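S.K.: Need coordinates for the below:
(one chain, ligands or ions: 2)
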Amino acid sequence: MGIIQRMSPHLANMIAAGEVVERPMSVVKELVENAIDAKCSSIKIYLENGGLDLIKVIDDGVGMDSDDICMAFMPHATSKIKTEYDLFRINTLGFRGEAIASIASVSLMQIISSQNGTSGYQCTYKSGVKENEGVIQSNKGTTVSVSNLFFNTPARLKYMKSAKSELASVMFYLDRIAMAHPNLRFTVYSDNKMIFQTSGSKSYKTLIGEVYGVEAAKNTLEHSYVADGYKAKLVLVKPSIYRSNKLEITLICNGRFVKNFNVTNAVIEGYSTYVPIGKYPIAVLYFDIDPLLVDVNVHPSKTEIKISDEELLVERLAIEVRKCLEDANHIIQREIEKPIFDKFQKLSIFDESFDEEIASKPIILEENKPSYNERPLALNKPIDVDEPKPIAKEARKLPYMEYVGSVFGTYLIFQNDDGMYLMDQHAAAERVNYEKIYELLNNPNQPTTSLLVPVMLSFTKQEALYVEENLSKFLEIGFALDQVGTSDYAVREIPLWAKDNSDAIIYDIISMMIQNKKIDIMYFRDSIAKQISCKASIKANHRINNDEIQALLENLNKCSNPYTCPHGRPTIIKLSLNDIEKMFERIQS
Ligand code: ZN
Ligand code: ZN
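M.R.: Ligands and ions are numbered 1, 2, ... in the order given. Have a look, this model is predicted:
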């Protein structure tokens, strides 16, 4: 009995528009998706010369009989869709029935398959013409080999990139398909070297480790939730590991890798201020959505999807990502890398190569010694010293630790039984101020102060235009400005938080408006909060006293994210006791 059936020509045309085998990746995709549809548990992929010389996919699935194999080479054959109606409810992976025929037309292609694991059948095509077929011995499952891809279409072949970049695009796809199938074992060989393997362990942590490495696996967070019409599973890598592009934010919808611009952005929003500016997180999102609510683009080579109620889903997603991150501990633990280790070891007074540079920097461990580059405290912007309110133990994110001293007037040292902590005082104060100012900016009733003598500000024509256009926005955040000349304004009222440098803040806001053209109020608040918090926070190289340090620690502990400054840099770093003992060779690593 044949599993594969012929599709109606009408349907075939619908999905075949523009259908071409573009590059080795499209061949791999087709063959791997077929293997998955055949209910296999293991897939082996052999590539030679980036797939241009050979792509071989071996699965241990249900296999095909001789009829199925012959039918597979026919144009418009598919086992997956019979009618248009099915197309819109498609819940399996591929639906490009004619793909095998297309691949066979530009290569030498052989399919060997067996349903019982003893006798099988093979069929070979060259340039789309049958070469031979017949009974053959075979393991259960299917082996498809595609060699000399595009040998008969030199124009297409010339268009191929280097073997390396073809391989890279194949691997990008295989990473994603592996992440979509934690239960399948993938093994990939390139030019006879194994380059990728997953265990099919069903564990998301393991899978992250297989794709991104051990460090990422150690830093994997999992979070699930159920909403109206869908189930979501978030597998998030902690923000201390990040990438320079958005490509490692992976969306798996109903078991297939898809793309959705808004979903990607929701994840980025959830991570905002946890990763440095211009960097992006690693995350895999699994959504189970009623297929009727997902609009899969019918063009087979596109993976972009639309989801009904997308806005709601995206809003919720950003909140859930944030929640998951907020529940986790993000203190970066610095392990001693070999070069640093060596440098430390050099610090021996008997050693000729005593490092001058390190030695010349004063290390101040006692509270009362004057600090490096000390400046009067009066120059610093205030840190909230007003009695730190004790917070509930559960609300604390940072462990208990006691202050020991500071180095370079910038890094505060703390300790507890686990190890030693270094806090960047500017980054920490910036985080505290950021959350405070952000909160303030969200308050529609800003505490403001009227200026007895209005401050006059002059703007350029461009600036004045932006001010005029956005007077209501200024008012919303507590600034009342009156136009007194074409480009002159009188500042009548300012929010309390801006009282120390309101002019500079107003100019900052305007330049931000000019830079960003459109003004999204949320983005605007975030940017102002970032900017002001940086200005308002104690700088590096400024000495702060014990009370201020305690207040800073206490206030940082109250933050929803105490681990990074609003620009995504770490506020605190841990050096474990274990690592320190390793450095001194008290214990062996
Ligand atoms: Zn800063
Ligand atoms: Zn910062």
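S.K.: Nearest the middle, which residue of this protein would you pick?
M.R.: Pro281 (2.4 Å; Cα atoms, centre = their mean).
S.K.: ok, it - contacts?
M.R.: By Cβ atoms under 8 Å, 6 or more residues apart in numbering, the residues touching Pro281 are Leu236, Val237, Pro239, Tyr242, Arg243, Glu248, Ile249, Val267, Ile268, Tyr271, Tyr274, Val275. To be clear about C-beta, it is placed using only N, CA and C from the backbone, and glycine gets the same treatment.
S.K.: May I see those residues organised as TSV, with distance to Gly200 and pLDDT added?
M.R.: Output for the contacts of Pro281, formatted as TSV (distance: Cβ to Cβ, whole Å; pLDDT from 0 to 100):
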residue	distance to Gly200	pLDDT
Leu236	22	97
Val237	21	96
Pro239	29	92
Tyr242	28	90
Arg243	26	90
Glu248	21	93
Ile249	24	97
Val267	26	96
Ile268	30	95
Tyr271	29	95
Tyr274	31	92
Val275	31	91
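S.K.: Farthest pair within those residues?
M.R.: The span of the contacts of Pro281, defined through Cβ to Cβ, is set by Glu248 and Tyr274 at 15.0 Å.
S.K.: where's the residue nearest to Asn501 when sequence neighbours are not counted, which helix or strand?
M.R.: Spatially, and ignoring its direct neighbours in sequence, Asn501 is nearest to Lys535 (6.9 Å; Cβ to Cβ, 6 or more residues apart in numbering). Under the criterion of DSSP states H and E, Lys535 resides in helix 521-536.
S.K.: Which elements pack onto that helix?
M.R.: helix 425-442, helix 471-476, helix 502-516 (3 or more Cβ pairs under 8 Å, 6 or more residues apart in numbering; DSSP states H and E).
S.K.: Okay, buried residues for whichever helix or strand comes after it please.
M.R.: Proceeding N to C from helix 521-536, the next assigned helix or strand is helix 546-557, under DSSP H and E. Residues of helix 546-557 classed as buried: Glu548, Ile549, Ala551, Leu552, Leu553, Glu554, Asn555, Leu556, Asn557 (neighbour count, 16 or more other Cβ atoms under 10 Å).
S.K.: what does stretch 251-265 give?
M.R.: For stretch 251-265, the neighbour count (16+ other Cβ under 10 Å) marks Leu251, Ile252, Cys253, Asn254, Arg256, Phe257, Val258, Asn260, Val263, Thr264 as buried.
S.K.: Given whatever helix or strand the first one lives in, what are its sheet partners and their directions?
M.R.: Using DSSP H and E, Leu251 sits within strand 249-253. Sheet pairing of strand 249-253 (DSSP bridges) gives strand 256-258 (antiparallel), strand 283-289 (parallel).
S.K.: a markdown table for these, including distance to ligand 2 and mean pLDDT?
M.R.: A markdown table is the format used below for those (distance: least, Cβ to the ion, whole Å; pLDDT from 0 to 100):
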| stretch | distance to ligand 2 | mean pLDDT |
| --- | --- | --- |
| strand 256-258 | 35 | 88 |
| strand 283-289 | 23 | 96 |
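S.K.: okay but Asn262 is in contact with Asp309, surely?
M.R.: No - checked against Cβ atoms under 8 Å, the pair Asn262 and Asp309 is beyond contact range at 11.5 Å.
S.K.: Flag the shaky bits of this structure, pLDDT-wise.
M.R.: 1-20, 76-98, 296-302, 335-395, 444, 516-521, 589 (pLDDT under 70).
S.K.: Could you identify the longest strand within the protein?
M.R.: strand 448-458 (DSSP state E).
S.K.: Touching the helix or strand that comes right after that strand from outside, list them.
M.R.: Note on strand 448-458: by DSSP H and E, the next helix or strand toward the C-terminus is helix 461-469. With Cβ under 8 Å, 6+ apart as the test, helix 461-469 has contacts from Phe459, Phe474, Leu481, Gln483, Thr486, Ser487, Tyr489, Ile510, Met513, Ile514.
S.K.: interface residues of the protein facing ligand 2?
M.R.: Residues of the chain found near ligand 2 (Cβ under 5 Å from the ion) are Glu430, Cys565, His567.
S.K.: Burial check on the residue nearest to the last one when sequence neighbours are not counted, number of neighbours?
M.R.: Spelled out, that is His567. Once flanking residues are discounted, His567 sits nearest to Ile277: 5.5 Å by Cβ to Cβ, 6+ apart. If you count neighbours by other Cβ atoms under 10 Å, Ile277 ends up with 11.
S.K.: Double-check that Ile277 belongs to a helix.
M.R.: No - going by DSSP: H, G, I helix; E, B strand; the rest coil, the assignment for Ile277 is coil, not a helix.
S.K.: Correct me if wrong: it contacts Arg569.
M.R.: No - with contact defined as Cβ under 8 Å, Ile277 does not count as touching Arg569 (9.3 Å).
S.K.: which residues of the stretch 151-300 of the chain fall in strands?
M.R.: With DSSP state E, counting those that start in this stretch, the ranges of strands along the stretch 151-300 of the chain come out as 185-190, 193-197, 220-227, 230-237, 242-243, 249-253, 256-258, 280-281, 283-289, 294-296.
S.K.: so can I have CSV of the ones you listed showing distance to Ile332?
M.R.: Output for the strands of the stretch 151-300 of the chain, formatted as CSV (distance: least, Cβ to Cβ, whole Å):
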stretch, distance to Ile332
strand 185-190, 32
strand 193-197, 28
strand 220-227, 15
strand 230-237, 13
strand 242-243, 12
strand 249-253, 21
strand 256-258, 31
strand 280-281, 15
strand 283-289, 18
strand 294-296, 38
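S.K.: In a strand, Arg322, correct?
M.R.: No - per three-state DSSP, Arg322 lies outside any strand segment and is helix.
S.K.: Excluding residues flanking it in the chain, which one is nearest it?
M.R.: Gly270 (4.6 Å).
S.K.: From ligand 2, how far out is the spatially closest residue to Val263 that is not a sequence neighbour?
M.R.: Once flanking residues are discounted, Val263 sits nearest to Leu251: 5.4 Å by Cβ to Cβ, 6+ apart. Distance, Leu251 to ligand 2, by Cβ to the ion, to the nearest Å: 30 Å.
S.K.: follow-up on the earlier one: highest neighbour count among the contacts of helix 461-469?
M.R.: Most surrounded of the contacts of helix 461-469: other Cβ under 10 Å gives Tyr489, at 24 neighbours.
S.K.: Surely that residue touches Pro454?
M.R.: No - under the criterion of Cβ under 8 Å, Tyr489 makes no contact with Pro454, lying 9.0 Å away.
S.K.: what sits in contact with each of those two?
M.R.: With Cβ under 8 Å, 6+ apart, Tyr489 and Pro454 have common neighbours Asp482.
S.K.: Tell me if I am right that Arg316 is in a helix.
M.R.: Yes - assessed with three-state DSSP, Arg316 lies in a helix.
S.K.: With adjacent residues omitted, what lies nearest to it?
M.R.: Ala227 is the one closest to Arg316 (Cβ to Cβ, 6+ apart), at 5.8 Å.
S.K.: what sits against the nearest residue to Thr153 once chain neighbours are set aside?
M.R.: Excluding the flanking residues, the one nearest Thr153 by Cβ to Cβ, 6+ apart is Val106, at 5.4 Å. By Cβ under 8 Å, 6+ apart, the contact list for Val106 reads Val21, Ser127, Gly128, Leu149, Phe150, Phe151, Asn152, Thr153, Arg156.
S.K.: What of Ile289?
M.R.: Contacts of Ile289 (Cβ under 8 Å, 6+ apart): Gly229, Tyr230, Cys253, Asn254, Ile307.
S.K.: Pairing partners for it in the sheet, please.
M.R.: Applying DSSP bridges, one finds that Ile289 bridges with Tyr230.
S.K.: Distance-wise, check it relative to Glu315.
M.R.: 16 Å (Cβ to Cβ, to the nearest Å).
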